[in-house]
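In: The following comprises the amino acid sequence and a computationally predicted model.
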Amino acid sequence: MIQEAGGVSVERADVLIVEDILDTGLSMAALIAHLRDRSPRSIRLCALIDKRERRAVEISADYVGFELSRGFVVGYGIDYAERYRHLPAIYVLDRTAEGRS
C-alpha cells in the first residue's frame with residue numbers, strides 16, 4: 001500500500017475533493033494528477049461554485065452547487081481583499097462600488 005508521509009493512503013480508495021470555487025482549474029488539475037499517481041479507485045470533484053469564465057484547463061466538477069458565469073462572490077467564508085468573509089450567505093460583489101470596473 002502506498003502511503004504519504006504523515007498522510008492517509010488513497011490507493012484503491014474513492015476520493016471526493018470538495019472545493020469552494022472551481023476557477024481556472026490549474027490547481028485542481030495538478031491535485032487530481034497528483035492523486036491519480038497514487039492509484040485511487042475513483043476521484044470525484046465537488047465545487048460549491050463553478051466559475052467557468054476564467055477556466056484555463058479542461059476540467060469539470062462532478063457535483064456543483066451553482067454556476068457563476070462572471071463576477072466575484074463573497075460571504076459564507078469567501079472573501080475579497082480580506083473582506084466580506086463574515087457575511088451569512090453568498091453574494092455577488094459589485095466591484096464598481098469598490099471603485100473598480
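Out: Received, thanks.
In: Ramachandran coordinates for residue 63?
Out: phi -130, psi 130 (degrees, to the nearest 10).
In: ok, the residue nearest to it when sequence neighbours are not counted - contacts?
Out: Once flanking residues are discounted, residue 63 sits nearest to residue 46: 4.1 Å by Cβ to Cβ, 6 or more residues apart in numbering. Every residue, glycine included, has its C-beta placed from N, CA and C. Contact analysis of residue 46 by Cβ atoms under 8 Å, 6 or more residues apart in numbering lists 16-19, 61-64.
In: same for the helix or strand where residue 27 lies, what does it pack against?
Out: When elements are assigned from DSSP states H and E, residue 27 belongs to helix 26-36. Helix 26-36 sits against strand 14-22, strand 42-51, with contacts defined as 3 or more Cβ pairs under 8 Å, 6 or more residues apart in numbering; DSSP states H and E.
In: in the first one, what's buried?
Out: Okay, so that is strand 14-22. Residues of strand 14-22 classed as buried by neighbour count (16 or more other Cβ atoms under 10 Å): 17, 19, 22.
In: Pull it out as CSV, backbone CA atoms only.
Out: Extracted C-alpha coordinates of strand 14-22, given in CSV (Å, rounded to 0.1, in the frame of the first residue of the first chain):
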residue,chain,number,x,y,z
ASP,A,14,-12.8,6.5,-3.6
VAL,A,15,-11.7,10.1,-3.3
LEU,A,16,-14.0,13.1,-3.1
ILE,A,17,-12.4,16.6,-3.4
VAL,A,18,-14.6,19.4,-2.0
GLU,A,19,-13.7,22.8,-3.3
ASP,A,20,-15.3,26.2,-2.7
ILE,A,21,-14.7,27.8,-6.1
LEU,A,22,-13.5,26.0,-9.2
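In: Could you chop this structure up by domain?
Out: 1-69, 71-101 (automatic domain parsing).
In: Name the spans of the protein whose pLDDT lies under the cut-off.
Out: For the chain, the stretches flagged by pLDDT under 70 are 1-6, 97-101.
In: who touches the helix holding residue 27?
Out: 10, 15, 17, 19, 22, 43, 45, 56-57, 59.
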